[in-house]
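> would you be able to build a 3D model of this:
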Amino acid sequence: MSQASSAPVDLRSDTFTTPDAAMRRVMAEAEVGDDVWGEDPSVHRLEEEMARRLGKESAVFVPSGTMGNLSALAAQTVPGDEVIVDSQSHMVLNEAGGAGAVAGVMLHTIEAPGGVPSPQQVTAALREANIHHPVSRLLWLENTHGNRAATAASVEAMGAAASAAHAGGIRVHCDGARLFNAAIALEVDAASLVQGCDTVSVCLSKGLGAPVGSVVSGDAGCIDGVRLWRKRLGGGMRQAGILAAAGSYALQHNVQRLADDHANAAMLAAELRATPGVTVVAVPVPTNMVMFDTPMPGVEATRAAAMHGVLLSPVGQFRLRCVTHKDVDTAAVRRAAGALSALFGGMVAAAR
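Residues are numbered from 1 along each chain as shown. Next up is the predicted model:
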């Protein structure tokens with residue numbers, strides 16, 4: 001979709017994607033039923049398709065990624081258990097403390113700069129059986145890892161961490177909100193990335209462009225538990241096929257085009273790397289996020305960028321984030337790159 005030159009270039013997040021005309025037609029014509037009663041055929045088709053693509057036995061459609069993660073967590077733990085998780089994971093930083101407030105579990109945070117902990121880190125984090133300790137119950141992985149510059153963790157790294165967890169007697173969940181970005185970037189099948197994961201959640205409403213929803217996949221018994229928690233959290237939907245049809249369309253039409261977003265992110269990063277005073281955090285850019293540091297505080301820099309026609313997000317004291325997506329084409333990203341380079345490069349020149 002082309003963005004008019006007079007409109008701001010919106011790079012705040014790929015959650016700002018909107019359904020295109022073809023997706024809206026599919027939604028309007030969707031066959032529906034009551035999903036809480038298990039009678040929505042469009043929801044069934046989406047769940048079956050996602051489970052098939054990820055090599056899992058079953059799946060459940062949920063309203064949001066946060067609900068999907070929380071439902072998967074609660075279905076695999078009991079209050080007082082411990083979850084091993086990277087300190088910068090979305091669940092730790094961006095899901096409103098649901099793990100403790102709702103599921104009643106503790107988070108054992110470790111540092112995984114590469115996005116996925118090593119097998120040695122997993123083994124070291126496992127609790128020994130002791131009445132003084134919480135029970136280690138679940139390893140939490142994330143791929144791509146949004147707060148680690150959208151790093152795409154390899155099949156080998158994911159498999160090694162999962163194997164260490166299973167050897168220690170615990171289950172594995174993958175927050176795969178942008179799992180298909182990782183698969184496209186690494187040129188592998190998405191199922192291979194989560195082969196060792198017992199459950200995995202995938203968002204449809206980010207780069208895939210659907211308006212609402214995520215899908216949690218895993219073994220049938222666990223997914224029954226996730227479905228129970230979906231209902232318990234108020235996520236039971238009725239004629240949800242209107243939304244599920246958009247998700248199915250996204251899986252059929254918008255997975256391979258994620259490569260375009262990655263190419264646009266790489267182009268933006270190259271322009272920013274050549275700008276004095278700007279430091280791009282991850283080079284090469286792993287997927288569709290460009291994180292960079294500037295001499296200007298993040299909130300102030302965000303306001304300045306908006307005045308120059310570019311919307312982006314502050315993610316640290318001096319750190320900004322741009323996210324490329326289907327609703328911002330190459331010409332718009334190129335325009336944003338030029339505007340940001342002129343803004344920050346001009347600031348450095350003026351300070352000399």
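
> where along this protein do the helices fall?
Taking DSSP state H, the helices of the chain run over residues 21-28, 41-54, 65-75, 90-93, 98-101, 119-125, 155-167, 179-186, 190-193, 220-232, 241-253, 258-273, 298-307, 330-351.

> for Pro211, find the nearest of these.
Within the helices of the chain, the stretch nearest Pro211 is helix 241-253; the backing value is 5.9 Å (CB to CB). Any C-beta I mention is one placed from the backbone N, CA and C, and that applies to glycine too.

> by how many degrees do the closest one and helix 179-186 diverge?
Helix 241-253 runs at 0 degrees relative to helix 179-186, counting by axes from the mean of the first three to the mean of the last three CA atoms, to 10 degrees.

> ok, now which ones touch Thr199?
72, 75-76, 171-174, 216-219, 222-223, 226 (CB atoms under 8 Å, 6 or more residues apart in numbering).

> please apply the same query to Glu49.
Contact analysis of Glu49 by CB under 8 Å, 6+ apart lists 248, 251.

> try 10 Å
Residues counted as contacts of Glu49 (CB atoms under 10 Å, 6 or more residues apart in numbering) are 59, 215, 244, 247-248, 251-252.

> same question for Ala165.
By CB under 10 Å, 6+ apart, the contact list for Ala165 reads 84, 117, 119, 122-123, 125-126, 136, 138-141, 171-173, 196-198.

> how far off centre is the strand ranked longest in the chain?
In the chain, with assignment by DSSP state E, the single longest strand is strand 136-142. Centroid separation for strand 136-142 versus its chain: 16 Å, with CA atoms, centre = their mean, to the nearest Å.

> report the strands that pair with that strand, each with its relative direction.
Strand 136-142 has its sheet partners listed here by DSSP bridges as strand 82-86 (parallel), strand 171-175 (parallel).

> quick one, which of those strands is nearest to Glu48?
Closest approach to Glu48 among the strands paired with strand 136-142 (CB to CB): strand 171-175, 19.6 Å.

> angle of that closest one against helix 220-232?
Going by the same axes, to 10 degrees, strand 171-175 makes 50 degrees with helix 220-232.

> what residue spans form the domains of the chain?
According to automatic domain parsing, the chain is divided into the following domains: 9-17+257-351, 21-253.

> and the pLDDT for Val348?
Per-residue pLDDT puts Val348 at 58.

> go on, Ala51?
Reported pLDDT at Ala51 in the predicted model: 98.

> show me what contacts it?
Ala51 makes contacts with 57-60, 191, 200, 215-218, 220, 223, as judged by CB under 10 Å, 6+ apart.

> the lowest-mean-pLDDT helix or strand in the chain - contacts with which helices or strands?
Within the chain, no helix or strand scores below helix 330-351, which has a mean of 86 by mean pLDDT, DSSP states H and E. Packing partners of helix 330-351 (3 or more CB pairs under 10 Å, 6 or more residues apart in numbering; DSSP states H and E): strand 9-10, helix 258-273, strand 289-293, helix 298-307, strand 310-311, strand 319-323.

> so for the first one, mean pLDDT?
Taken as a whole, strand 9-10 carries a mean pLDDT of 98.

> each with direction, which strands does that strand pair with?
Going by DSSP bridges, the partners of strand 9-10 are strand 310-311 (parallel).

> what about the protein, any weak spots by pLDDT?
1-5, 347-352 (pLDDT under 70).

> was I right to think Gly236 contacts Val43?
No: using CB atoms under 10 Å, Gly236 makes no contact with Val43, being 11.4 Å away.

> need the overlap of contacts for these two.
The contact sets of Gly236 and Val43 overlap at 34-35 (CB under 10 Å, 6+ apart).

> those two - which one has more neighbours?
Under the criterion of other CB atoms under 10 Å, the comparison of Gly236 against Val43 puts Val43 first, with 31 against 16.

> residues in contact with the more buried one?
Counted by CB under 10 Å, 6+ apart, Val43 has contacts 30-35, 59-61, 213, 215, 237, 239-245, 247-248.

> hmm, try it at 8 Å
35, 61, 240-241, 244.

> would you write a ChimeraX line that selects the buried entries of those residues?
Selection of buried members from those for ChimeraX, criterion 16 or more other CB atoms under 10 Å:
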select :35,61,240,241,244
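
> circling back: narrow the contacts of Ala51 to those that are buried.
Counted by 16+ other CB under 10 Å, these give 58-60, 191, 200, 215-218, 223 as buried.

> tabulate the helices and strands packed on helix 330-351 (TSV), appending mean neighbour count.
Formatted as TSV, the helices and strands packed on helix 330-351 follow (neighbours: other CB atoms under 10 Å):
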stretch	mean neighbour count
strand 9-10	22
helix 258-273	20
strand 289-293	26
helix 298-307	16
strand 310-311	21
strand 319-323	25
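
> His145 contacts Ala153, correct?
Yes: between His145 and Ala153 there is a contact under CB atoms under 8 Å: 6.9 Å.

> who touches both of the two?
Common neighbours of His145 and Ala153 (criterion: CB under 8 Å, 6+ apart): 115-116.
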